[in-house]
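Q: Kindly return the folded structure for what I paste below:
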Amino acid sequence: MSVDEERRQVELVVDRLAVEHAGVPRHTVEQIVHDVHAAFGVGVVRDFVPLLVERSAKRKIAALTSF
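A: Below is the predicted model of the structure:
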């Protein structure tokens with residue numbers, strides 16, 4: 001996966017999670033997704049990074065809304 005494709009996929013993750021968690025401000029979703037994505041910056045194999053980012057970000061966002 002190219003760097004540009006990975007970035008595009010991560011932005012799609014933002015879009016999906018923003019819709020799925022409409023009660024959370026979009027900028028919060030973006031921040032969480034981008035923070036999680038940054039944590040995967042050192043990996044060599046990039047093909048599954050967007051999926052891993054989505055799963056991790058989804059858990060973090062769910063934790064925000066589970067009060």
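Q: before we move on, what SS does the spatially most central residue of the chain have?
A: Nearest to the mean C-alpha position of the chain, counting by Cα atoms, centre = their mean, stands Val33 at 3.2 Å. Here Val33 is recorded as helix under DSSP: H, G, I helix; E, B strand; the rest coil.
Q: List the residues that contact it.
A: Each residue near Val33 by Cβ atoms under 8 Å, 6 or more residues apart in numbering is listed here: 10, 13-14, 17, 53-54, 57. (Glycine included, C-beta is placed from N, CA and C.)
Q: same thing but at 10 Å, please
A: 10-11, 13-18, 50, 53-54, 56-58, 60-61 (Cβ atoms under 10 Å, 6 or more residues apart in numbering).
Q: Then Leu51?
A: 9, 13.
Q: Would you state the predicted confidence (pLDDT) at it?
A: pLDDT, Leu51: 92.
Q: Among the contacts of Val33, which one sits closest to Thr28?
A: Comparing those against Thr28 with Cβ to Cβ places Ile61 closest, at 7.8 Å.
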